[in-house]
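Participant: pasting the sequence and the predicted coordinates here, then a few questions.
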Amino acid sequence: MEMQQRQRQTAYKVPISALLNNQYVEQQGFEPNYLKINDKQVSRVNLLAVVIDKQVSSSLATLTLDDSTGIIQVRYFNDDVKKAADINLGDTVLLIGKPRKFNDQIFLAAEITRKTNPAWMKIRKIELKKEFNIESDSNGQQQKEAKQQMNSYNGKILDFIKEKDNGSGVDIDEIISNSGLKENEAREAIVELVKLGEIYEPRPNKIRILG
């Protein structure tokens, strides 16, 4: 019974920023490691975010998630790799996982990953706003400026793909490296363009313009 209780730790709703900016505590024996977030010992999380990168091998799959407060990697090991099979670039996902630390980097070991409606992210942000001091999206001018900036990023990505695509698509890493944008800016632009239907992923890590 005690072991079952350990395995059923509460999956706390948190933003990615809280995972990256709080103390990670390692415990001995069967006691779970945890992040010390506010007054909670967080050993499992419930996260809503957008997939901005995906890498898959036979024994390891990784998703890179962005919830607008930060970016974090989710890892699937061995038999769990198949859990990421149906998740694609640009998907909004609900993730249940455990925080882990390796080489001073926090990542999540995935337990459950499920596609969900992007609208739930807005609701989640409202839920977490007070506890985690997440900025409101209500400032119209900031939204307008952010939209203009994103349109500029999108244009740079599209121009590069048009220039380099020889019919088989352009490698995502090549797009990011040569776009003239910061990595997170380029990834966000790629995800946005996928959502808009401007580009698509004909096969893993390759991007083409639609039409």
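Facilitator: On my side now, so go ahead. Numbering: from 1, shown residues only.
Participant: verify the stated contact: residue 44 with residue 97.
Facilitator: Yes: judged on Cβ atoms under 8 Å, residue 44 makes contact with residue 97 at a distance of 7.1 Å. Any C-beta I mention is one placed from the backbone N, CA and C, and that applies to glycine too.
Participant: with neighbour numbers in mind, choose between the two.
Facilitator: More neighbours surround residue 97 than the other of residue 44 and residue 97, with 23 against 19 (other Cβ atoms under 10 Å).
Participant: okay, and the beta partners of the more buried one?
Facilitator: residue 45, residue 110 (DSSP bridges).
Participant: mind checking the SS state of residue 18?
Facilitator: Assigned by DSSP: H, G, I helix; E, B strand; the rest coil, the conformation of residue 18 is helix.
Participant: do the same with residue 53
Facilitator: Here residue 53 is strand, with the state taken from three-state DSSP.
Participant: how is this protein carved up into domains?
Facilitator: Following automatic domain parsing, the chain resolves into domains at 2-132, 140-209.
Participant: low-confidence bits of the chain, can you list those?
Facilitator: Judged against pLDDT under 70, the low-scoring parts of the chain cover residues 1-8, 135-147, 211.
Participant: hey, what's the residue most central in space within it bridged with?
Facilitator: Centrality entry for the chain: nearest residue to the mean C-alpha point is residue 65, 0.5 Å, by Cα atoms, centre = their mean. The residues listed as beta-bridge partners of residue 65 by DSSP bridges are residue 51, residue 72.
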